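Novice: for reference, the sequence and a predicted model appear below.
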Amino acid sequence: MKTVNFVLSGLGGQGILFMTKVLARAAMDSGHDVIGAETHGMAQRGGSVVSHLRLGTGRSSLVGTGEARYLLALNADEAYRCLPFLAPEGRLYTNADADVFPSAPVADYLRRNRMVSRCLPVGRIALEQGAPMSANLALLGFFAALDDGPLSEAVLRTTVDQVTPERFKAINLKVFDACAAAGRTLYEPDH
């Protein structure tokens, strides 16, 4: 399998590392080689957190500029900041309303580079489901539902079920499923 690169970005406390753990475990359970790294700014004070995940063979744990097939951002500002990682024809999934994200200049940049941007206010959906701290799993549900990556919705959902502590399992799966359903309603898979 060709190497598939992910960059996940957000702010400290949003669960970027847990989201990376879910993707990595799902990939390993599916037989993929996995390598990853995290970079932290002021994570404990709400600063930037970026995680790199590579499925397949890779010499470095860090994804280079223009090499990420997928950028998953839990914050619109972090999506803008990490956009240089996205490869031409890459996919951007952002916790944002489509009527405000991306900005006009960024939309033009995405179009010129044949990048696909998909937005859903997953944080708001998680809040409506009674789990404001589960936006990370909401974004994974949104990503998984569109059948756009090397890991299926079923595989990711099973992994969420396996790695979530028992006391949070029901609510995390509820949020994952709600955003998967919202994503399928909002977007047609690109195939």
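Specialist: All right, it came through fine. From a predicted model like this one, the values you see are computed outputs, not experimental measurements.
Novice: what strands line up against the longest strand anywhere in the chain, and which way round?
Specialist: Among the elements of type strand in the chain, defined by DSSP state E, the one spanning the most residues is strand 86-95. For strand 86-95, the pairing partners within the sheet under DSSP bridges are strand 68-73 (parallel), strand 116-120 (parallel).
Novice: all strands of the protein, in order?
Specialist: Using DSSP E, the strands of the chain run over 4-11, 34-40, 48-55, 68-73, 86-95, 116-120.
Novice: turn the ones you listed into JSON lines, including mean neighbour count and mean pLDDT.
Specialist: In short, each C-beta sits where N, CA and C put it, glycine included. Formatted as JSON lines, those follow (neighbours: other C-beta atoms under 10 Å; pLDDT from 0 to 100):
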{"stretch": "strand 4-11", "mean neighbour count": "24", "mean pLDDT": "94"}
{"stretch": "strand 34-40", "mean neighbour count": "16", "mean pLDDT": "78"}
{"stretch": "strand 48-55", "mean neighbour count": "24", "mean pLDDT": "91"}
{"stretch": "strand 68-73", "mean neighbour count": "25", "mean pLDDT": "98"}
{"stretch": "strand 86-95", "mean neighbour count": "21", "mean pLDDT": "97"}
{"stretch": "strand 116-120", "mean neighbour count": "20", "mean pLDDT": "96"}
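Novice: okay, those strands in JSON lines with distance to Ser61 next?
Specialist: Output for the strands of the chain, formatted as JSON lines (distance: least, C-beta to C-beta, whole Å):
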{"stretch": "strand 4-11", "distance to Ser61": "11"}
{"stretch": "strand 34-40", "distance to Ser61": "4"}
{"stretch": "strand 48-55", "distance to Ser61": "6"}
{"stretch": "strand 68-73", "distance to Ser61": "13"}
{"stretch": "strand 86-95", "distance to Ser61": "17"}
{"stretch": "strand 116-120", "distance to Ser61": "26"}
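Novice: just the buried positions in stretch 166-184, please.
Specialist: For stretch 166-184, a neighbour-count test (16 or more other C-beta atoms under 10 Å) marks Ile171, Asn172, Leu173, Lys174, Val175, Phe176, Asp177, Ala178, Cys179, Ala180, Ala182, Gly183 as buried.
Novice: so which residues make contact with that stretch?
Specialist: Under the contact criterion C-beta atoms under 8 Å, 6 or more residues apart in numbering, stretch 166-184 has outside partners 118, 120, 122, 125-126, 128-131, 134, 137-146, 153, 156-157, 160-161, 164.
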